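# below are the sequence and a predicted model; questions follow.
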Amino acid sequence: MSGTIAGNGERRIVPDRLAHVVLKTTDKARLMDWYGRVLNARVVFQNDFIGFLTYDEEHHRIAFIQIPGLEAASAKSTGLHHIAFTYATMDELVANYERLAREGVAPSHCVNHGPTISMYYKDPDGNAVELQIDNFATNEEVDAWFASGEFAENPIGVDFDPAEFAAKFHGGVPEAELKKRPNIGPRGLPNRS
């Protein structure tokens, strides 16, 4: 039986996991190729109007629906901001960044949010994709960091150069030091879509 007891004595029922994301596009093949490269995902199924990719044991993690005549989303429209994928280790995040850089796929920006080290990419349709690692081992550590006040002062984080980050990682800078977010004081929402 899943779930915990909520404050009102009722069982709190929650999903087991996020299963997949579905993107609509006018160029399914281009989007499937991009996500396949970025996530090292494999094609599970595709036909003229739909395709499925996975990178793990789930039958599909991302689906793509080909819909002719769609208009590009505006930076001024509401909707999904980004999709995030977490890597198990800093080594995997750095190695994936370097692999993608060799293939000409560069992050649009990188941020140490505090709870995560995050590299953001734009897919061919302009959707944002976050590739990240967790900076804390437990939820209790994250909760304590959120409560410290540093996050309230700067809920966005601190930008970093991914090439410099990779060089420090390969140069032997301890992971704990690389994960620690510098305190730069207040920071508001950057002008990024």
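Good, I have the coordinates. Remember, predicted model here, so these are calculated numbers, not experimental data.

# for the helix or strand harbouring R99, which outside residues touch it?
Element membership for R99 (DSSP states H and E) is helix 90-102. If you take CB atoms under 8 Å, 6 or more residues apart in numbering as the criterion, helix 90-102 is touched by 37-38, 40, 87, 106-107, 117, 119, 121, 131-133, 162-163, 165-166, 169-170, 175, 178-179. In short, each C-beta sits where N, CA and C put it, glycine included.

# at 10 Å instead, please
37-40, 85-87, 89, 105-107, 110, 116-119, 121, 131-135, 162-163, 165-170, 175, 178-179 (CB atoms under 10 Å, 6 or more residues apart in numbering).

# please spell out the ChimeraX selection for the buried subset of the residues you listed.
Restricted to buried positions by 16 or more other CB atoms under 10 Å, the ChimeraX selection for these reads:
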select :38,39,87,107,110,116,117,118,119,121,131,132,133,134,135,162,165,166,168,169,178,179
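
# wait, what's in contact with I83?
Neighbours of I83 in contact, by CB under 10 Å, 6+ apart: L18, V21, L23, Y35, R61, I62, D123, N127, A128, V129, E130, L131.

# so which bits of the helix holding R99 are buried?
Neighbour count says helix 90-102 has M90, L93, V94, N96, Y97, L100 buried, by 16+ other CB under 10 Å.

# closest one of the residues you listed to A75?
L100 (23.8 Å; CB to CB).

# which ones among the contacts of helix 90-102 map onto strands?
F85, T86, C110, T116, I117, S118, M119, Y121, L131, Q132, I133, D134 (DSSP state E).

# now, which of the residues you listed sits nearest G69?
Y121 (26.2 Å).

# what is the nearest residue to the closest one once chain neighbours are set aside paired to in the beta sheet?
Nearest-residue entry for Y121: V129, 4.8 Å, with adjacent residues in sequence omitted and distances by CB to CB, 6 or more residues apart in numbering. With DSSP bridges applied, V129 shows beta-bridge pairing to I83, Y121.

# show me what contacts V129?
34-35, 38-39, 62, 82-85, 107-108, 119-123.

# pLDDT-wise, what's the bottom of these?
Among the contacts of V129, H82 has the lowest pLDDT, at 93.

# how near is that residue to S108?
Using CB to CB, to the nearest Å, H82 is found at 10 Å from S108.
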